[in-house]
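Asks: dropping a prediction and its sequence here:
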Amino acid sequence: MNQPSKQASVIVIFGATGDLAKRKLFPSLYNLYCKGVLAEDFAVVGVARRQLSNEEFRSNVHDAVIHTACMDKDDKHEEFSSHFFYQPFDVTKKESYQDLKGLTESLDEQFDIPHNRIFYMAMAPEFFGTIALNLDSEGLLEGDGFNRLVIEKPFGHDFQSAQKLNDEIRQVFSEEEIYRIDHYLGKEMVQNIEAIRFANSLFEPLWNNRYISNIQITSSETVGVETRGGYYEKSGALRDMVQNHMLQMVSLLAMEPPGSLTTEEIRSEKVKVLRALRAVNKDEVNDYFVRGQYKQGEANGETLPGYREENNVDEESNTETFVAAKLMIDNFRWAGVPFYIRTGKRMPTKSTNILIEFKDMPMNLYKNESGKLGPNILEVHIQPEEGITLHLNVKDTGDMRKTTPIELNFNNKQKNNMNSPEAYERLLHDVMKGDATNFARWDEVALSWQFIDPISVAWANEKEQDFPNYSAGSMGPDAADKLLEKDNLHWWSSPKA
Ligand SMILES: NC(=O)C1=CN([C@@H]2O[C@H](COP(=O)(O)OP(=O)(O)OC[C@H]3O[C@@H](n4cnc5c(N)ncnc54)[C@H](OP(=O)(O)O)[C@@H]3O)[C@@H](O)[C@H]2O)C=CC1
Ligand SMILES: O=C1O[C@H](COP(=O)(O)O)[C@@H](O)[C@H](O)[C@H]1O
């Protein structure tokens, strides 16, 4: 048998019969297997309440990856599934943990794995504390190898609940052992923000309030809440998207250059941005934030239901399915530069796009169609396109005193032959390598909740009388446009969306 790799591990998935495991985790592990990242020395133990045999579980895994192809190689679905094992599990029962300990130790021997463990919490957060304490008390963390805990979002519902959850898991796991997933941090172009900024002398000197007018981040989804009404009613777009994904993108765009690309240096710079975010108190919420809820509408000739007609949604629901906001970062670099963000469900396109609008030239020497020189804009296309577009003005071919706008485009997928890995694949690989850079540190999570909480409290206390206020299939309520019009600006719609 080959020497086991140092990172070889037994991966335990709590909630292995659920949606996340099926749609994201198994296909990502399969891709890693195809690429040779997972060698022969790995094993996955799935646990959940229902009674399944190993064979039944493997058949579920097989079905989940059957449409995922190994690039340029023969498919290995059977071989891959043979690394999977199942154990029926009750999170509250000691015997479940003792059985799990026995199984993981026997897999160490069978697959020649050092005592390395990755515990992936793909279950409701209310169980995380209990699981962590039992893993410790039942001896599953003993041994020479590493123990890593991967925690899914939502990490709490507000600052207080996040702190309680953090305290519970920190009784057992150190901060370095905890990997708090924010899957946006696994996206190729989100990771590219740092490279675009810090590897190009063209941009970095301009990346401040002297040259940038404003930054706009739009993350729009075409889907409604589908089967997730129960969860979403308690969450809303503010907690579901803004507290985590949107603020993470803001941090990466606004942070100072780290001294080096180490995990802690990068995360510490992001934390400084969150500390400098101007707090919005309850009386100012309407100046900085807009909320929306979709009503019935149309897209591609299809009638789409309103949010209040979805399953498990209250017919008078006050939950927002759209948020737009103006964020101010009160530090030397960003004073006076608004960061506008918007995100919502049932919008016309599935797209995430960042747009950096540079300030106008001090004087316009040129004439063009509109009489106004268009601004330089750098767009970072996060999804579905992955790339950047730089909008410039060049001389019109016919008239030397006239300009015409042009675009310089880079498409990442073309460069990578369409094989850019999925976010979960990248993040799972990072966990295996022990690289926590693209995971949220506790202080990032704490600060983002502290910023969000006054807004969610204000919205919970004051029912929005205008709800529902945007049609499914539209770009959100008019108030989101007015938020920028007040500043003599407008949302740029991306040609790549
Ligand atoms: N689905 C997604 O795309 C995303 C999910 N998440 C988060 O991931 C977590 C899991 O989500 P998802 O997979 O969608 O949820 P599901 O409801 O589909 O799955 C939940 C899993 O937990 C198991 N489970 C529930 N109660 C217990 C219990 N008492 N003891 C043991 N196992 C239990 C269920 O299995 P059984 O019924 O057999 O016990 C099932 O395997 C949640 O925290 C969610 O917020 C985060 C981002 C995206
Ligand atoms: O975390 C979440 O993200 C998805 C959007 O993710 P994306 O990668 O498809 O952009 C969102 O639909 C979901 O509500 C939220 O929980």
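Replies: That came in fine, so what should we check first? Ligands and ions are numbered 1, 2, ... in the order given.

Asks: quick one, helices of the stretch 301-450 of the chain?
Replies: Chain-ordered helices for the stretch 301-450 of the chain, with DSSP state H, counting those that start in this stretch as the definition, fall at 412-415, 423-433, 442-461.

Asks: who touches the second one?
Replies: Residues from elsewhere that reach helix 423-433 (C-beta atoms under 8 Å, 6 or more residues apart in numbering): 7, 9, 24-25, 27-29, 31-32, 37-38, 118, 148, 150, 179, 181, 183-188, 191, 421, 436-439. Where C-beta positions appear, they are placed from N, C-alpha and C, glycine not excepted.

Asks: could I get the average pLDDT for that helix?
Replies: Averaging pLDDT along helix 423-433 gives 95.

Asks: please flag which of the contacts of helix 423-433 sit within strands.
Replies: Secondary structure of these is defined by DSSP state E; positions in strands are 118, 148, 150, 179.

Asks: who are the neighbours in contact with the closest residue to ligand 2 within the chain?
Replies: Closest contact between the chain and ligand 2, by C-beta to the nearest ligand atom, is at D240 (4.7 Å). D240 is in contact with 154, 232, counting by C-beta under 8 Å, 6+ apart.

Asks: quick one: it is in a helix?
Replies: Yes - D240 sits within a helix when classified using DSSP: H, G, I helix; E, B strand; the rest coil.

Asks: please begin residue numbering at 21 from this point
Replies: With 21 as the first residue, the last one maps to D260.

Asks: how near is it to I472?
Replies: With distances taken as C-beta to C-beta, to the nearest Å, D260 is found 11 Å from I472.

Asks: what does L120 give?
Replies: In terms of C-beta to C-beta, L120 sits 36 Å off from I472.

Asks: pick out whichever of these two has more residues nearby.
Replies: The neighbour comparison of L120 against I472 (other C-beta atoms under 10 Å) goes to L120, with 22 against 19.

Asks: report how many residues lie close to the nearest residue to that one once chain neighbours are set aside.
Replies: Nearest non-adjacent residue to L120, counting by C-beta to C-beta, 6 or more residues apart in numbering: Q107, 5.9 Å away. Burial of Q107 is recorded as 19 neighbouring residues (other C-beta under 10 Å).

Asks: quick check: Q107 is in a strand.
Replies: Yes - when three-state DSSP is applied, Q107 is found to be in a strand.

Asks: I figured it hits R69, correct?
Replies: No - taking contact to mean C-beta atoms under 8 Å, the distance of 10.9 Å between Q107 and R69 leaves them out of contact.

Asks: stretch 269-285 spans what distance, first to last residue?
Replies: Distance between the boundary residues of stretch 269-285 (C-alpha to C-alpha, to the nearest Å) amounts to 17 Å.

Asks: typo on my end, stretch 58-77
Replies: End-to-end distance for stretch 58-77, by C-alpha to C-alpha: 20 Å.

Asks: again, but for stretch 160-168
Replies: End to end - C-alpha to C-alpha - stretch 160-168 spans 12 Å.

Asks: which residue is the nearest non-sequential neighbour of I349?
Replies: Using C-beta to C-beta, 6+ apart, the closest residue to I349 is A296 (5.0 Å).
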